[in-house]
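Enquirer: Using only what follows, build the 3D model:
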Amino acid sequence: MTILGYLAAVLLIGLSLSILMALAWAVQQGTGNSGWVDTIWTFSVGLVGAAGALWPLTGTAPNARQWLVAILVTIWSLRLGTHVALRTAKSGDDPRYAEFAKQWGLAAPRRMFLFLQQQAWGSIPLAFAIFVAAHAPARDLRAQDGLGALILLLGIAGEALADGQLRSFRSDPANRGKVCDVGLWRWSRHPNYFFEWVCWLSYPVIALSPDHPWGAAGLLAPLVMYWILVHVTGIPPLEQQMLRSRGACYRAYQARTSAFFPLPPRRETAA
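Expert: Residues are numbered from 1 along each chain as shown. Presented below is the predicted three-dimensional model:
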């Protein structure tokens with residue numbers, strides 16, 4: 001595939017995500033529930049990623065690797081998208097987006113549209129990493145393809161476990177107003193985010209190959225996802241909201257628990 005072909009793929013991915021996130025904005029404005037934004041984003045990346053994986057670049061039917069990558073991103077999208085959708089249907093407006101809207105005031109609709117378009121174009125590296133992984137030159141499956149699939153399934157399992165532990169904690173009335181620090185949440189303040197990041201490590205494992213110069217673009221997926229989760233729309237706004245709602249209890253949790261990578265809890269020192 002030529003450089004122009006890859007650039008065309010990037011443009012098509014970007015336009016597709018832009019249209020889908022415009023739909024997310026319309027849903028958010030129509031329902032008043034910003035929680036649907038993350039649901040639509042997840043399904044959008046899954047749809048664009050799977051379509052890109054199966055795209056017939058050479059005019060031939062998709063090969064085994066293309067199908068493998070398409071199935072992997074579909075599994076990821078369905079699991080996470082369904083989880084977020086069920087959570088949104090029960091809990092309503094996402095506090096992170098609600099805080100943004102409060103800060104933006106009367107300009108909130110316009111600012112939200114621009115913000116979601118930034119999310120769309122910021123997601124291009126994720127979908128493109130899926131694309132280059134699926135279109136590695138070798139048509140037959142290799143051991144590294146199996147390793148990549150195993151990494152993604154491990155990430156999904158870990159994220160599902162973390163989500164289940166948080167859901168179980170919150171369902172107990174005795175834990176109302178407390179901070180979840182059981183199971184994986186004792187080792188990381190955001191184990192669901194960590195395992196989400198693990199999922200994206202699968203694509204460079206599949207993409208990297210000596211005869212596939214574009215395979216290096218697969219590294220964009222974990223790099224961009226780490227930046228998004230740790231520095232942009234993941235940890236920072238969520239922890240600000242938790243500090244507002246949990247105060248000193250959450251500050252103590254921050255002091256003893258790793259923010260992202262699972263690590264043994266730090267001992268609390270006496271004041």
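Enquirer: Check which helix or strand the nearest residue to Trp214 once chain neighbours are set aside maps to.
Expert: Nearest residue to Trp214, sequence neighbours excluded (Cβ to Cβ, 6 or more residues apart in numbering): Val132, at 4.9 Å. Where C-beta positions appear, they are placed from N, C-alpha and C, glycine not excepted. Using DSSP states H and E, Val132 maps to helix 124-134.
Enquirer: could you say what helices and strands that helix packs with?
Expert: On a contact count with 3 or more Cβ pairs under 8 Å, 6 or more residues apart in numbering; DSSP states H and E, helix 124-134 meets helix 3-31, helix 35-54, helix 64-91, helix 202-207, helix 220-227.
Enquirer: any idea which of these is most buried?
Expert: Most buried of the helices and strands packed on helix 124-134, by mean neighbour count (mean count of other Cβ atoms under 10 Å): helix 202-207, with a mean of 27.
Enquirer: shaky segments in the protein?
Expert: Residues of the chain meeting the criterion pLDDT under 70: 1, 268-271.
Enquirer: Need the residue closest to the centroid of it.
Expert: Glu196 (5.8 Å; Cα atoms, centre = their mean).
Enquirer: I'd like to check which residues are in contact with it.
Expert: 80, 155, 159, 225, 229 (Cβ atoms under 8 Å, 6 or more residues apart in numbering).
Enquirer: which residues of the stretch 151-271 of the chain fall in helices?
Expert: 191-200, 202-207, 220-227, 235-246, 248-256 (DSSP state H, counting those that start in this stretch).
Enquirer: now the third one: how far from the chain's centre is it?
Expert: Centroid separation between helix 220-227 and its chain, computed with Cα atoms, centre = their mean, to the nearest Å, is 10 Å.
Enquirer: One more: the shortest one?
Expert: Average the C-alpha atoms of helix 202-207, do the same for its chain, and the two points are 16 Å apart (Cα atoms, centre = their mean).
Enquirer: do the same with the last one
Expert: Put simply, helix 248-256 sits 25 Å off its chain's centre (Cα atoms, centre = their mean).
Enquirer: Thanks a lot, catch you later.
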